[in-house]
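Q: Have a look at this prediction, sequence included:
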Amino acid sequence: MSVSGPAATAQEVTALEGIIVYSANRTPTEAAKVGSSVEVVTTKEITSRSQTYVKDYLETLPGVSFSQFGPPGTQAGISLRGAGGKYTKVLVDGIDISDPSGAATEPAFEHLLVGDVARIEVLKGSQSTLYGGEAVGGVISIDTRRTLHPGFSHFGGAEYGAYNSFRGDYTLGYAATDGSNISFTAQGVDSSGFSAAADGSEDDGYQNLTFSSRGDYMVSPSARLFFAARTVDAKLNFDGCCDPVSSRAFDNFDSVDVKQHAGRGGVEFSLFDKAFTNMFAIQGVLNTRDYHGSITDFYDGDRIKAEYQGTLRFNERLSVLFGTDWEQLGAESSSILTRETSDMFGTFAQLMVEPIDGLVLTAGGRLDDHSNFGDFKTHRLTAAYSIDATGTKFRGSWGTGFRTPSLDEMYASYPQFGLPNYGNPDLEPEESESWDAGIEQRLFADKLIVGATYFELDTSNLIFFNDQCFTLPVGCLTNLPGVTHREGVELVARAFLSDTFVVSTSYTNTETETQAGARLSYVPRHMATLGVDWQPMDKVAFNVTAKLSDDAVRGGQIAVDDYLLVSARAAYEFMPGVEAYVRGENLLDQDYETYYGYGTAGLSVYGGVRMALPKN
């Protein structure tokens, strides 16, 4: 486990042993006791870089990259150790934000603004034992801002810059002396953008207005009621695909309105002097997408989920986590004319034990029952061994996972695109197995921290598009036999040259091979990051970030652009808790594409102000 990103402060990483990780075991766990591979992005890093989207921070983590279909708001696809968005579960304050009406049930990273985000955890590897379906490549947990200190607090900022882009955010929070708290955030983006088609000339703009709130009411010292809610209202213009000769995107005037309304609420209480903690929650999500222009389709998706989790701590060395959940997905769209649903009920349990000082082991299992596909069993093992005398930590994890076909993959029909037989209700779920092993070493009184991780991820029963369905009366989607393999190495290093000067770097090598022997598309073989945080004087701070992507392909063997992106930020605190800053992105003005035929931003400069009041 590491505090990740281009550069974390000396105070944050020196205190690593005191950091609590939540996603690895679905319960607060000291970082030193976590056997899984987890990256943490902290509030301090988010504010020190002042970027706009959650994906901006994710793509500087080891093993994470994105490909996007043009300017902000267009579809952004993740690669997490070579696994795409349909294999990645994203939770915001515990809410699963994936869209059940999509071609695959996956999250829309392009609409995730960072204005209300306090912390991000990226749990890598197959995690279906604790998180159910779609948690094949990993789980991304996002926590929004919570007011911790009694009284009112204010956090926010405004920024203007390249491509006539404006963004702003404001969070108002209040906390009582008993720990009850509530916060509200309003944030938005309005950008003229640039042409989504790399060869195009008309700008494709984007607007996003997001409201979110969360709170806790302390019924007693051992019981609380909690809630979280969010709504996203976005509109974007996008270009067509694809030119019949060049296969590249081309200018048009299509647009889409995207809305998401989501909420979660429940109760948590503990018994027997906090030895037995119980949590009951229910959540719901409603997604809509309405297309205008040459495409006039609509897609509506919804989810309702109920869950229970219990944690029984026998002593400091032995605990048991167990729980159950039920969810129903629904979708109706231009391609699914009659509403379709699917249900899944799951139960899970995990044992966590520390048999000797420094060695922590976990073992867990899960049984899911799906309304279409029957039973699935998944398992998980982790181990962490810390040697305090030498500053060394060994860790390893193994797990299995699955992804059920989406409602679109089972029931959709697209006659307007020549695909009347697109969906296939006889599809089988995809399955996965992953493992990783790593070491972390602290040197020179924690002034230098290095780490290395080796990982493998296999997926089988791939749901495959058979292009013969354009001309023959055969189903478009089918399961392919064989295994898609991913393996690689992640290296990280962090040097604290002084209390005010921190240098951080990472390198990831990812090798992929499909069952046909080809490489996966848009997965860079080599990725590297370099970050510098420097505070030369009390009120002045600088941040520089560099990201290299090298040797990615599309279509199995066609080379995709390599690129080196450099960004920087300079800030001055002109009054306590309020700072002005200027930041630049793509300072080398690289001309590149992350997805074939679609454009990217050139050199871009932005200026803004941020506040956090009271300052602490």
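A: Thanks, I have it.
Q: What are the buried residues along stretch 266-282?
A: Buried positions in stretch 266-282, judged by neighbour count with 16 or more other C-beta atoms under 10 Å: 266, 268, 269, 270, 277, 278, 279, 281. All C-beta spots, glycine's among them, are computed from the backbone N, C-alpha and C.
Q: now do stretch 483-490
A: With burial defined by 16+ other C-beta under 10 Å, the residues of stretch 483-490 counted as buried are 483, 484, 485, 486, 487, 488, 489, 490.
Q: what do you get for stretch 392-412?
A: By neighbour count on 16+ other C-beta under 10 Å, the buried set for stretch 392-412 is 393-412.
Q: Now do the end-to-end distance for stretch 496-503.
A: From its first residue to its last, stretch 496-503 covers 7 Å (C-alpha to C-alpha, to the nearest Å).
Q: tell me the mean pLDDT over it?
A: Throughout stretch 496-503, pLDDT has a mean value of 95.
Q: partners of residue 325 in the sheet?
A: Note on residue 325: beta-bridge partners residue 307, residue 346, judged by DSSP bridges.
Q: So what's the residue count around it?
A: A count of nearby residues for residue 325, using other C-beta atoms under 10 Å, gives 19.
Q: Is it correct that it is in contact with residue 306?
A: Yes. With contact defined as C-beta atoms under 8 Å, residue 325 reaches residue 306; the gap is 6.7 Å.
Q: hmm, back to that, in helices, which of the buried residues of stretch 392-412 fall?
A: Among the buried residues of stretch 392-412, the members found in helices (DSSP state H) are 407, 408, 409, 410, 411.
Q: any idea how far the residue lying closest to the second one once chain neighbours are set aside is from residue 77?
A: In other words, residue 408. Distances taken as C-beta to C-beta, 6 or more residues apart in numbering place residue 103 nearest to residue 408, at 5.1 Å, with adjacent residues excluded. Look at residue 103 and residue 77: by C-beta to C-beta, to the nearest Å, they are 12 Å apart.
Q: So for these two, which sits in the more crowded spot?
A: Neighbours were counted for residue 103 and for residue 77 using other C-beta under 10 Å; residue 77 has more, 21 against 15.
Q: I figured the more buried one hits residue 66, correct?
A: Yes. At 6.6 Å, residue 77 counts as touching residue 66 under the criterion of C-beta under 8 Å.
Q: Name the residues contacting each of those two.
A: Taking C-beta atoms under 8 Å, 6 or more residues apart in numbering as the criterion, residue 77 and residue 66 both touch residue 109.
Q: Show me the shaky parts of the stretch 151-300 of the chain.
A: Along the stretch 151-300 of the chain, the model assigns pLDDT under 70 to no residue.
Q: Show me the strands in it, by range?
A: 151-161, 165-175, 181-194, 204-220, 223-240, 250-271, 276-292, 298-315 (DSSP state E, counting those that start in this stretch).
Q: among those, which is nearest residue 421?
A: Ranking the strands of the stretch 151-300 of the chain by proximity to residue 421 (C-beta to C-beta) places strand 298-315 first, at 19.4 Å.
Q: which strands and helices sit next to the biggest helix by length in the chain?
A: Ranked by number of residues, the top helix in the chain under DSSP H is helix 43-49. Contact analysis of helix 43-49 by 3 or more C-beta pairs under 8 Å, 6 or more residues apart in numbering; DSSP states H and E lists helix 54-58, strand 117-124, strand 540-550, strand 563-575 as its packing neighbours.
Q: Just put the ones you listed in CSV and tack on mean pLDDT, mean neighbour count and distance to residue 173.
A: Below are the helices and strands packed on helix 43-49 laid out as CSV (pLDDT from 0 to 100; neighbours: other C-beta atoms under 10 Å; distance: least, C-beta to C-beta, whole Å):
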stretch, mean pLDDT, mean neighbour count, distance to residue 173
helix 54-58, 97, 22, 20
strand 117-124, 97, 23, 11
strand 540-550, 97, 19, 24
strand 563-575, 97, 17, 20
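Q: now for the ones you listed, which one comes closest to residue 426?
A: Closest of the helices and strands packed on helix 43-49 to residue 426 is strand 117-124, at 32.2 Å (criterion: C-beta to C-beta).
Q: Can you name the next helix or strand after that closest one?
A: With elements assigned by DSSP states H and E, the helix or strand that comes after strand 117-124 is helix 128-131.
Q: right, and the helices and strands packed on helix 43-49 - which one's nearest residue 89?
A: Of all these, strand 117-124 sits nearest to residue 89, with 9.2 Å by C-beta to C-beta.
Q: Now do the contacts for residue 111.
A: By C-beta under 8 Å, 6+ apart, the residues touching residue 111 are 73, 208, 210, 232, 234, 258, 260.
Q: swap the cut-off to 7 Å and go again
A: With contact set as C-beta atoms under 7 Å, 6 or more residues apart in numbering, residue 111 has these partners: 208, 232, 234, 258.
Q: Work out for me the element the residue most central in space within the chain sits within.
A: Geometric centre of the chain, nearest residue: residue 140, 4.0 Å, by C-alpha atoms, centre = their mean. Here residue 140 sits within strand 138-144, counting by DSSP H and E.
Q: And for that strand, what's in contact with it?
A: Contacting residues not belonging to strand 138-144 are listed as 22-23, 54, 80, 88-93, 116-125, 127, 131, 185, 212, 214 [C-beta under 7 Å, 6+ apart].
Q: quick revisit: make a markdown table from the strands of the stretch 151-300 of the chain and add distance to residue 578 to it.
A: Formatted as a markdown table, the strands of the stretch 151-300 of the chain follow (distance: least, C-beta to C-beta, whole Å):
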| stretch | distance to residue 578 |
| --- | --- |
| strand 151-161 | 9 |
| strand 165-175 | 13 |
| strand 181-194 | 18 |
| strand 204-220 | 23 |
| strand 223-240 | 27 |
| strand 250-271 | 32 |
| strand 276-292 | 36 |
| strand 298-315 | 40 |
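Q: on that earlier part again, pull the most distant pair out of the buried residues of stretch 266-282.
A: Using C-beta to C-beta, those span at most 15.5 Å, a distance reached by 270 and 281.
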